[in-house]
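1. coordinates only, sequence not included:
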């Protein structure tokens, strides 16, 4: 799957490679005629990346590298502002917009740590689906069973495939209902959704101002932890994996365990068995707060009205330029009145409080990230099929956004089976503890 950030940092520190060599290798893979680069990237920073890499190599030689990770190529999801570039958010509507005046906060923090921006990755238009299909700029193919042209997962689709195809060594994404965790689960990667307030949203094109969060997709839990420290502006503390022995794991008796396909069900059962054998205490229990979420979101949840507030004037002028499947979801915002929206905010606050209280008896919540493996693109030919499968793909990861928690997806399926993710979640603010738990479980599951 490729090197981890710590491996690259060690290689750079000991002169076994250079930033320029890493950048040239990534660019070569992006530009390969038979590769996925044209579908993965909206734009590629060929010369800017080369100049930045050479500068980082000079700084490292003089002992002035800004971090251990300085010089490592990173991809940026297309909804983040980068100074001098147009932020299209995967859309045709914004293609003629003025270039951004400054970097998004998350981008600026990665650059300050010395990461090299290799390019802007493709995504679902305006981040409004978990599938990853983009009718305007093409859809990157899932790394697994590529001949069958399976979906990459979304909305951070290109972010995942940039990693699997070694076009970047870290990816910046967003997660409103699973947009980092779904592509990670579908492609055998690790995707992290932080507590929403942990990383500033400035300079990121919004989907839902209530639910949006910014997180990484990477090749390991340790990679995600390192990136999260930079993105959140918190100390880069050593990550010590927590021994699963004595770990109190809650498995919810809820709809998140319904309709699992054979691969996911088998991998989840195996994961629980391994954890139990390692001494973890696994308890199946009811979570009324999870069961209440579908009814609470019956009129489109937060994403529909909040995206409508962002898009209503654009839709009035350019409705025909939208992906109709995205436009339909945005226009569901008309179904809610102001009192409906206030009721939803109150309901969410109540569900968060109940969930946090219930989780006091547990260290982590565990269930499959997505109930199915990545379907082929042909399964989405009709709008009805798209709507049904999109909701199924989003169903499990969206729970934690609604409950204002943090969550990470780690691989749990054994090759040659299709990739599948185990989602580990905690209450809001427990991000560092979750990383330690996830690192221990990642090592156990191999």
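-> Received it, and whenever you're ready, just let me know what you need. Every value quoted in this text rests on a predicted model; they were computed, and no experiment measured them.
2. Show me the longest helix that occurs in the chain.
-> For the chain, the helix with the greatest residue count under DSSP state H is helix 338-358.
3. How about residues contacting that helix?
-> For helix 338-358, the external contacting residues (CB atoms under 8 Å, 6 or more residues apart in numbering) are 210, 285, 287-290, 292-293, 296-297, 299, 301-302, 305, 336, 402-405, 427-428. The way it works is simple: take the backbone N, C-alpha and C, and place the C-beta from them, glycine included.
4. Kindly report the same for stretch 437-446.
-> 190, 220-222, 225, 239-244, 247, 271, 274-275, 278, 363-364, 408, 410-412, 414, 422, 424, 426.
5. list the buried ones in that stretch?
-> Along stretch 437-446, these residues count as buried under the neighbour rule (16 or more other CB atoms under 10 Å): 437, 438, 439, 440, 441, 442, 444, 445.
6. and these as CSV, adding distance to residue 256, secondary structure and pLDDT?
-> Shown next, in CSV, are those (distance: CB to CB, whole Å; DSSP: H, G, I helix; E, B strand; the rest coil; pLDDT from 0 to 100):
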residue, distance to residue 256, secondary structure, pLDDT
437, 19, helix, 98
438, 18, helix, 99
439, 23, helix, 98
440, 22, helix, 98
441, 18, helix, 98
442, 21, helix, 98
444, 22, helix, 98
445, 19, helix, 97
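7. Need the max-distance pair from the residues you listed.
-> Within these, 437 and 445 form the most distant pair, 12.5 Å apart (CB to CB).
8. what's the spacing between the residue nearest the centre of the chain and residue 434?
-> Among the residues of the chain, the one closest to the centroid is residue 180, at 0.9 Å (CA atoms, centre = their mean). According to CB to CB, to the nearest Å, residue 180 stands 14 Å off from residue 434.
9. Next one: the residue of the chain positioned farthest from its centre from residue 56, what distance?
-> The centre of the chain is farthest from one residue, residue 62, which by CA atoms, centre = their mean lies 35.5 Å away. Residue 62 sits at a distance of 11 Å from residue 56 (criterion: CB to CB).
10. Just the buried ones from the contacts of helix 338-358, in PyMOL syntax?
-> This is the PyMOL syntax for the buried subset of the contacts of helix 338-358, where burial follows 16+ other CB under 10 Å:
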select buried, resi 210+287+289+290+292+293+296+297+299+301+302+305+336+402+403+404+405+427+428
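11. Could you tell me the phi and psi values at residue 196?
-> Backbone torsions of residue 196, given as degrees, to the nearest 10, read phi -50, psi -40.
12. Just name the closest of the buried residues of stretch 437-446 to residue 330, please.
-> The shortest separation between residue 330 and any of those is 33.6 Å, and it belongs to residue 438 (by CB to CB).
13. Next, format the buried residues of stretch 437-446 as a markdown table and append distance to residue 205.
-> As requested, the buried residues of stretch 437-446 are arranged in a markdown table below (distance: CB to CB, whole Å):
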| residue | distance to residue 205 |
| --- | --- |
| 437 | 32 |
| 438 | 29 |
| 439 | 32 |
| 440 | 36 |
| 441 | 33 |
| 442 | 32 |
| 444 | 38 |
| 445 | 35 |
